[in-house]
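Asker: any chance you could fold what I've pasted below:
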Amino acid sequence: MNAKTFIIVACVLAAGYGGYQKLHAPKGGEQAVAGGGNILETSNPAFYGTMEPGGPVLRAKPETMAKLGGMTHSRVVMFATGWCPYCAKAREVFKAQNVRFTEFDLEHDGAAAEFQEKVLGLSGFPTIIIGNRVTQGFDEGQILASLKEL
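Answerer: As a prediction, the model looks like this:
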């Protein structure tokens with residue numbers, strides 16, 4: 001191999017590695033996790049994010065899940081109200097998928113409302129936790145993707 005060929009090969013390899021770093025390697029605020037995803041930092045201490053093929057996913061940290069375990073052992077939990085149309089849509093998805101879940105009514109359960117505000121640092125409804133995946137508001141695609149992980 002002559003010097004010119006060597007330089008061309010070295011440049012191609014460097015460009016390929018640079019492209020990999022730009023597109024696939026963990027960036028600042030991320031670190032690689034098993035399964036090929038990345039952990040993303042969040043501003044909320046109760047959660048972390050993961051970058052997945054469908055986009056970022058919010059996940060509850062183990063210590064947050066332990067606190068939730070003090071309220072219920074259910075793997076599917078919804079913080080909701082009785083009159084919310086999006087909460088009703090989430091209930092319909094759970095029913096259609098034959099999923100048992102625990103629901104906390106934020107208007108009638110002060111402890112649940114306090115948990116959502118103080119531990120989760122969230123407001124609004126529905127707040128749905130499936131496994132450790134958190135969906136704020138109604139997003140059928142996120143709910144179904146989360147159920148696949150159970």
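
Asker: can you verify my assumption that Gln97 contacts Ser146?
Answerer: No - look at Gln97 against Ser146 with CB atoms under 8 Å: they stay out of range, at 10.8 Å. Any C-beta I mention is one placed from the backbone N, CA and C, and that applies to glycine too.

Asker: which residues of the chain fall in strands?
Answerer: 30-32, 38-40, 47-52, 55-60, 76-80, 102-105, 127-130, 133-136 (DSSP state E).

Asker: quick one: low-confidence ranges for this structure?
Answerer: 1-37 (pLDDT under 70).

Asker: break it down into its structural domains.
Answerer: 1-32, 39-148 (automatic domain parsing).

Asker: can those domains go into CSV with extra columns for mean neighbour count?
Answerer: Putting those into CSV (neighbours: other CB atoms under 10 Å) gives the following:
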stretch, mean neighbour count
domain 1-32, 10
domain 39-148, 16
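
Asker: quick one on the thing from earlier: wait, which of the strands of the chain is closest to Val93?
Answerer: Nearest to Val93, of all the strands of the chain, is strand 127-130, at 9.5 Å by CB to CB.

Asker: quickly note the distance from the nearest residue to Ile128 once chain neighbours are set aside to Tyr86.
Answerer: Spatial nearest neighbour of Ile128, chain neighbours left out: Thr135 (4.4 Å); criterion: CB to CB, 6 or more residues apart in numbering. Using CB to CB, to the nearest Å, Thr135 is found at 11 Å from Tyr86.

Asker: need the residues touching each of those two.
Answerer: Pro126 (CB atoms under 8 Å, 6 or more residues apart in numbering).
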